[in-house]
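*Asks:* generate coordinates for the sequence data below:
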Amino acid sequence: PNSVYFSIGEAVAAIALVLAFIQLLKPEFEFKLKIKNTQTNIASVFFLTAIDSVLIAAILPSIPGKAFPFFGYPIFWEVLAGILIVVAALMLVYVYFSKAVFNKKNYKRFFDRCYSIIAKGKDDEVRELAYVIKFSASNIIEACSEYDQVEAYIAKRDGRGYPVSEHVGYAFDLLDLFSDRKFCRMIVESSHETAIGFVEQMIRHNYYNAGDSFIKQLVKQAFLSEESI
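*Replies:* Model prediction:
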């Protein structure tokens with residue numbers, strides 16, 4: 001029961017390899033990690049708990065007296081650490097293969113991450129974002145369509161307020177953000193499916209005013225760029 005098979009250094013090395021691998025992946029994965037922060041935070045907690053478990057396993061043999069059955073055996077904590085590392089790694093794999101989509105739970109994080117990437121203006125990150133947002137076209141336009149323009153006009157005319165949810169407000173802000181000149185150029189040059197996807201969703205929901213500046217900029221860049229498809 002006092003045998004130690006999994007050292008602290010080996011546990012740290014295993015986690016370091018996973019983190020090093022993450023750094024080599026595309027900016028798209030970094031975007032997903034920021035958006036899906038619940039899974040990312042849980043994975044981080046599992047990694048830290050795994051290191052603690054290996055530390056406990058290393059300390060147990062030096063404690064005098066008879067080992068307490070099961071929990072007093074280093075092998076228990078080592079196996080627990082191994083399971084935690086595997087589960088955390090699988091969670092990161094899930095994040096990698098899943099899609100980061102704008103919704104009512106992550107709209108703030110989604111906007112903040114998009115804003116950060118577009119503001120920095122790094123070509124590779126902007127190009128990846130131009131591809132990633134195509135999966136959110138339906139959700140963004142659907143959120144904007146919750147804003148009833150006729151009802152809002154009547155409310156304003158009658159001098160009463162028209163409540164707009166924060167989720168809908170962020171959807172409008174996203175479309176304004178997407179109308180950035182460089183970002184639209186990246187879309188028409190490398191991610192035409194994104195442009196088509198947003199136009200199709202506006203037609204489907206019969207809602208055009210929300211993305212007016214975005215669509216105009218897409219059309220403008222489509223004509224200006226010789227690389228536009």
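*Asks:* burial measure for Leu84, as a count.
*Replies:* Using other Cβ atoms under 10 Å, Leu84 is surrounded by 23 other residues. Just so you know, the C-beta spots here come from the backbone N, C-alpha and C atoms, and that holds for glycine as well.
*Asks:* repeat for Leu48
*Replies:* As a measure of burial, Leu48 has 13 neighbours, counting by other Cβ under 10 Å.
*Asks:* repeat for the one 3 residues further on
*Replies:* Close neighbours of Ile51, defined as other Cβ under 10 Å, add up to 17.
*Asks:* same deal with Ile141?
*Replies:* Look at Ile141: counted by other Cβ under 10 Å, it has 24 neighbours.
*Asks:* pretty sure it is touching Phe198, no?
*Replies:* Yes. Ile141 is within contact range of Phe198, at 6.8 Å (criterion: Cβ atoms under 8 Å).
*Asks:* then the helix or strand where Glu189 lies to PDB, C-alphas only?
*Replies:* Under the criterion of DSSP states H and E, Glu189 resides in helix 181-190. The C-alpha trace of helix 181-190 is given here as PDB (Å, rounded to 0.1, in the frame of the first residue of the first chain):
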ATOM      1  CA  ARG A 181     -14.300  46.900 -43.100                       C
ATOM      2  CA  LYS A 182     -11.400  44.500 -42.600                       C
ATOM      3  CA  PHE A 183     -13.600  41.800 -41.100                       C
ATOM      4  CA  CYS A 184     -16.000  42.000 -44.000                       C
ATOM      5  CA  ARG A 185     -13.100  41.800 -46.500                       C
ATOM      6  CA  MET A 186     -11.900  38.600 -44.800                       C
ATOM      7  CA  ILE A 187     -15.400  37.200 -45.000                       C
ATOM      8  CA  VAL A 188     -15.800  37.800 -48.800                       C
ATOM      9  CA  GLU A 189     -12.300  36.600 -49.500                       C
ATOM     10  CA  SER A 190     -12.100  33.400 -47.400                       C
END
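*Asks:* show me what it is packed against.
*Replies:* Contact partners of helix 181-190 among helices and strands, from 3 or more Cβ pairs under 8 Å, 6 or more residues apart in numbering; DSSP states H and E: helix 123-132, helix 192-204, helix 212-224.
*Asks:* need the contact partners of the second one.
*Replies:* Put plainly, it is helix 192-204. Contacts to helix 192-204, defined as Cβ atoms under 8 Å, 6 or more residues apart in numbering, come from residues 130-131, 133-134, 137-138, 140-142, 187-188, 208, 210-211, 214-215, 218, 222, 228-229.
*Asks:* quick one: that helix to helix 181-190, angle?
*Replies:* Orientation of helix 192-204 against helix 181-190 (axes from the mean of the first three to the mean of the last three Cα atoms, to 10 degrees) gives an angle of 100 degrees.
*Asks:* how far out from the middle of the chain is helix 192-204?
*Replies:* In terms of Cα atoms, centre = their mean, to the nearest Å, the centre of helix 192-204 is found 22 Å from the chain centre.
*Asks:* buried stuff in that helix?
*Replies:* 192, 194-195, 197-199, 201-202 (16 or more other Cβ atoms under 10 Å).
*Asks:* got JSON lines for those residues, with distance to Lys182 and pLDDT too?
*Replies:* Formatted as JSON lines, those follow (distance: Cβ to Cβ, whole Å; pLDDT from 0 to 100):
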{"residue": "His192", "distance to Lys182": "16", "pLDDT": "90"}
{"residue": "Thr194", "distance to Lys182": "14", "pLDDT": "94"}
{"residue": "Ala195", "distance to Lys182": "15", "pLDDT": "93"}
{"residue": "Gly197", "distance to Lys182": "20", "pLDDT": "93"}
{"residue": "Phe198", "distance to Lys182": "17", "pLDDT": "93"}
{"residue": "Val199", "distance to Lys182": "20", "pLDDT": "90"}
{"residue": "Gln201", "distance to Lys182": "23", "pLDDT": "91"}
{"residue": "Met202", "distance to Lys182": "22", "pLDDT": "88"}
